[in-house]
Each structure stands twice: as C-alpha cells, then as structure tokens.
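Asks: any chance you could fold what I've pasted below:
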Amino acid sequence: MDQLLSPVHTKGKSQLDEEPDGLIKVSERGKKPKAQYSSVTSPEDALEALRSNPDHETLNRALRWLNSNSSNNTGFNVRKPSPMSAQIVFVLVNDILPNYWAALNDEDSANSLKIKHSLLHCISGVAGIGAVISYLRLLLDRSKESVSQNSPKAEGNAQSLRMLLEVLEQMLCYDNYISSLWRDIWEYSTSPLKVSLLWKEVISLFASGKLLSVVSEANRISNDLSPDVQTGSWIGHGKRYSAWIGKNILSLIGALTDGQDDGQEAASKLLGKAIGLGYPGTCSIPQSSITRTKTDQMMLLPQRFHLHYLATLYPVDFSY
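Replies: Sure thing, here's the model as predicted:
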C-alpha cells in the first residue's frame, strides 16, 4: 500500500530542514545558478530538471512534458502510481511548490498561469493529494512549535500554511474531482487489488474526515500565527466541505455507465462513509438529479434508504 501511495524521499535534506520558515521566494534560494535544460524527453529528464533549481523556462518545459502526449507515448504518466512518479510528485510538492508558487502568483502572466495549471495537474492524483496533506501536517507540527515558543519564524510558517491551503483549494475546486480520481485509478491500475487499495485511500482521505480535520487545524493555526490576517479555507469548514463532497459523489454517479459494477460499488462505499461526516443535509443527493433506478441499483439497502430519506427530509444546499 505504501509503495502505491507514498512519495519517495529523494533528497538527503529537505527544503524545510534548510529553511524552517517554509515559504521561500525564488530570489532567496541562494547563489546556485538556475539550471537550464534544452529538452525533456523522459521521466528521468523531468526529474533531474525539477531537482536542479530550474529557471521558469526549464520548469515549464518539464511540466509541459509531464502533461503531454509525449509522456504517455513512453508509457509514463505522473498520475499513475509508480516509483518514478512518486519521486517526481515528492519533488513537485516539497521543492517546487514552496519555492515557486509565490513567485508564480506575483508574476500574474499567461506563462505563469500555464505553469501553475500544469503543476496542479501533475499533483492532483491520489499520490499527489496524499503528498500535499503529508506536507501540510509537517508544516502544522513546525507551526505549533513556533506558536508555543513565540518564535519569529511564525509569520513564515503562516505564509507556508496559506500557500498550501490555496493550492488545495485550486486542486479541489471542481465538482468532478473525485470522479477524475476514479477514472485515473480505473485506467492506470493493473489489477483489481490495486484499484481497491487506491480507492480505500481516496475514501480515507475525503470521506472519513482526514482532509477536513487537517485543514480545519491548519485554518486555526494559521490564524493563531497571524492574528491580523484572519483567513480560512472552505475545505476546513464541515458544512461547506460536505456540500463539496456531495456534489462530487453526484458527479461520480452521473459519470458511471450502466453495468459498471465496480464504479457503482466504489460510489456506494464513498457515499456510505461520507454520510458519517455529520452534515447529512448537505451530503445528501436530490432524487431529481439522477434516476431512481440508477440510484437503487448502485446503493446497498441501508444506504439507499438513508439517501431517499435525507432527500425528502433536508433541503439540499450544495453551495460552498
């Protein structure tokens, strides 16, 4: 399971170890010159380019290749779980995000926007979202320490937390995000066992409250670190998050074709777990949105009863 989902540590010393403040502007990364790669034609090239303190042109070239048909033609896909994709995702989340995201935001150019979109696409798979959450937890541990010690590093930690929350919001801003995860898992997994393991991870991350709780804590710590900048991600607010997952479950159900038993079972398990988040009025699905036949076919009896009961009992508000 860990080999499927856990990014591989590829550096002897992480950027956070070097700079506890976390968020570092590109111009402050030291005297090492930014590397340039004239071409990227393999995942090994992309990984080496990303590790090399790349300039924006090289970063764009590596990300463009990872998102292009060229990478698929080699049999490689960064969203498909593998040792190489795990290394690339690790570097993207732990090096590229903290060192380039703020600069990309500041530039506000078409090229910077393309780089951001390419970066988000590369880390939006199951391994990527897991890596972002792991990095967020690491920042939370450091932030709690700076709060307890009244450290001058507190503001830097707060900026890093806000950066990761912004990244998460941009990753999860789509109503079909979980549907896209299911599609990736189904297309790229080589066995039913791998499909099952990866989907269990999705359920654990999104429907068991793991993501909700860690972002809720990040909201609180971020505000404690910067009392003058009171912000908070919607992902950490239970009702709004539950509305989001309700929309995503609806999208997943709608994307399934008749007879797609594996997908129907996956949606059923996700819904069954999500109901336990504690916000049934927002995680229920209106019967008018999908046919009753399709709903009844995919739901186990207790879930089917609960679904139809909630649809009539609660007004459904999917706004977030």
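
Asks: what's the local residue count around Ala243?
Replies: Neighbour count of Ala243, defined by other C-beta atoms under 10 Å: 21. For the C-beta atoms, the positions are set from N, CA and C on the backbone; glycine is no exception.

Asks: next one: the helix or strand containing it to chain centre, how far?
Replies: Following DSSP states H and E, one finds Ala243 within helix 238-255. Distance, stretch centre to chain centre, for helix 238-255: 16 Å (C-alpha atoms, centre = their mean, to the nearest Å).

Asks: which helix runs longest in this structure?
Replies: Longest helix in the chain by number of residues, with DSSP state H as the criterion: helix 126-148.

Asks: which residues touch the residue positioned nearest the centre of the chain?
Replies: The residue lying closest to the centre of the chain (C-alpha atoms, centre = their mean) is Ile129, at 3.0 Å. Residues near Ile129 by C-beta atoms under 8 Å, 6 or more residues apart in numbering: 123, 171, 205, 211.

Asks: if we go to 6 Å?
Replies: Ile129 makes contact with no residue, according to C-beta atoms under 6 Å, 6 or more residues apart in numbering.

Asks: so what does the helix holding Ala243 touch, helix or strand wise?
Replies: helix 177-188, helix 261-274, helix 280-283 (3 or more C-beta pairs under 6 Å, 6 or more residues apart in numbering; DSSP states H and E).

Asks: low-confidence ranges, the stretch 1-150 of the chain, go.
Replies: 1-37, 69-72 (pLDDT under 70).

Asks: which residue, other than its chain neighbours, is closest to Tyr177?
Replies: Asn248 (5.9 Å; C-beta to C-beta, 6 or more residues apart in numbering).

Asks: neighbours of the one you found, just the number please.
Replies: Neighbours of Asn248 (other C-beta under 10 Å): 24.

Asks: and Ser124, that one's in a helix?
Replies: No: according to DSSP: H, G, I helix; E, B strand; the rest coil, the state of Ser124 is coil, so it is not within a helix.

Asks: tell me the spacing between the closest residue to Ser42 other than its chain neighbours and Lys114.
Replies: Leaving aside its sequence neighbours, Ser42 sits nearest to Thr74 (C-beta to C-beta, 6+ apart; 6.5 Å). As judged by C-beta to C-beta, to the nearest Å, Thr74 and Lys114 stand 22 Å apart.

Asks: looking at those two, which one has more neighbours?
Replies: A direct count of neighbours by other C-beta under 10 Å for Thr74 and Lys114 places Lys114 higher, at 15 against 12.

Asks: hang on, the earlier thing: now the helices and strands packed on helix 238-255 in CSV, with mean neighbour count, distance to Ala158 and mean pLDDT?
Replies: Listed next are the helices and strands packed on helix 238-255 as CSV, based on neighbours: other C-beta atoms under 10 Å; distance: least, C-beta to C-beta, whole Å; pLDDT from 0 to 100:
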stretch, mean neighbour count, distance to Ala158, mean pLDDT
helix 177-188, 19, 27, 92
helix 261-274, 20, 31, 89
helix 280-283, 21, 29, 56
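
Asks: now render the ones you listed as JSON lines, adding distance to Tyr100.
Replies: JSON lines is the format used below for the helices and strands packed on helix 238-255 (distance: least, C-beta to C-beta, whole Å):
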{"stretch": "helix 177-188", "distance to Tyr100": "23"}
{"stretch": "helix 261-274", "distance to Tyr100": "33"}
{"stretch": "helix 280-283", "distance to Tyr100": "35"}
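
Asks: returning to what we had before: for the longest helix of the chain, buried residues please.
Replies: 126-136, 139-140, 142-143, 146 (16 or more other C-beta atoms under 10 Å).

Asks: which elements pack onto the next helix or strand after it?
Replies: Moving toward the C-terminus from helix 126-148, the next helix or strand (DSSP H and E) is helix 154-171. The elements that helix 154-171 packs onto, with contact taken as 3+ C-beta pairs under 6 Å, 6+ apart, are helix 126-148, helix 210-225.

Asks: I'd like to check the angle between the last one and helix 238-255, please.
Replies: Between the axis of helix 210-225 and that of helix 238-255 there is an angle of 150 degrees, by axes from the mean of the first three to the mean of the last three C-alpha atoms, to 10 degrees.

Asks: quick one, helix 210-225 and helix 126-148 angle?
Replies: 30 degrees.

Asks: return the list of helices and strands in contact with helix 210-225.
Replies: So helix 210-225, by 3+ C-beta pairs under 6 Å, 6+ apart, packs with helix 126-148, helix 154-171.

Asks: and the angle for the longest one with helix 177-188?
Replies: Spelled out, that is helix 126-148. 130 degrees.

Asks: same question, the last one
Replies: Between helix 154-171 and helix 177-188, the angle comes out at 70 degrees (the same axes, to 10 degrees).
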